[in-house]
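Visitor: okay, here's the prediction I keep looking at, along with the sequence it came from:
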Amino acid sequence: LVLASASTVLAADHAVDIASFAFSPSSFTANVGDTVTWTNADAANHTASADDGSFDTGTISTNDSKSVTLSTAGTIAYHCRIHSAMTATIVVREAVGGSAPATDTAVAATAPAAAGGDSWGLLALATLAGVVLAWRRFGRIREVAEGD
C-alpha cells in the first residue's frame, strides 16, 4: 500500500491573495490537477483570467474566493480583466502517476481547508500499517531464531 501511494502525486491546493491591486505570489509552480484559489482582500472587484483563455474565474468580489483546477502543462500568464496592470504567472508541470482533469473549473466557493488533509491522513495510515507489518515480521523472525 505504501509503495502504491508513493508513485502517485497528490493534487495540491495553492492560495493566491489579491491585495493592493496585486496577485501574491506573483509567480509559482504547480502540477496538472492542482487547484488554485484566488481570494480578494481589496475593496474593488477583480478577476484571474489566463492570457491564453485556458481559465477565467469571472468576477471575484471583496472577501470572496474562486478556484480553478489546472488541466494543462505549460507557463500560464494571467491578468485581471478589470485592472490590466495586474499580472502574474503559473508554471504548470505534468503530474506524475495521475491523470489530469478533463476541463478547468471555476467555483464560486472553495472547499473546506480540511479536505486537503485527507491525503496526508491516508499516507500516515499506510505508513503505520507498514510499520506494524514490519514489527510483526521482526517478531516472527525472532521467534524462529529462538526456537519458539
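Guide: Looks like it came in fine. Numbers count the residues shown, from 1 in each chain.
Visitor: what is the neighbour count of the closest residue to C80 other than its chain neighbours?
Guide: Excluding the flanking residues, the one nearest C80 by Cβ to Cβ, 6 or more residues apart in numbering is M86, at 3.9 Å. (C-beta placed from N, C-alpha, C; glycine too.) Residues contacting M86 under the criterion other Cβ atoms under 10 Å number 21.
Visitor: mind checking how far M86 is from T72?
Guide: M86 sits 22 Å away from T72, taking Cβ to Cβ, to the nearest Å as the criterion.
Visitor: likewise for N45?
Guide: For N45, the distance to T72 equals 27 Å [Cβ to Cβ].
Visitor: quick one: which of those two has more around it?
Guide: Taking other Cβ under 10 Å, N45 and T72 do not tie; N45 has more neighbours (17 against 14).
Visitor: which ones are touching that one?
Guide: 59-62, 82 (Cβ atoms under 8 Å, 6 or more residues apart in numbering).
Visitor: among these, which pair sits farthest apart?
Guide: Spatially, the most separated pair among the contacts of N45 is T62 and I82, at 12.6 Å (Cβ to Cβ).
Visitor: tell me, what's touching those two both at once?
Guide: Counting by Cβ under 8 Å, 6+ apart, the common neighbours of T62 and I82 are 44-45.
Visitor: thinking again about what came up before, quick check: the residue nearest to C80 touching D42?
Guide: No: under the criterion of Cβ atoms under 8 Å, M86 makes no contact with D42, lying 9.8 Å away.
Visitor: quick check: neighbours shared by these two?
Guide: 18, 21.
Visitor: where does the chain have low pLDDT?
Guide: 1-9, 97-148 (pLDDT under 70).
Visitor: what ranges do the strands span in it?
Guide: 13-19, 22-24, 27-31, 35-40, 49-50, 65-69, 74-79, 87-93 (DSSP state E).
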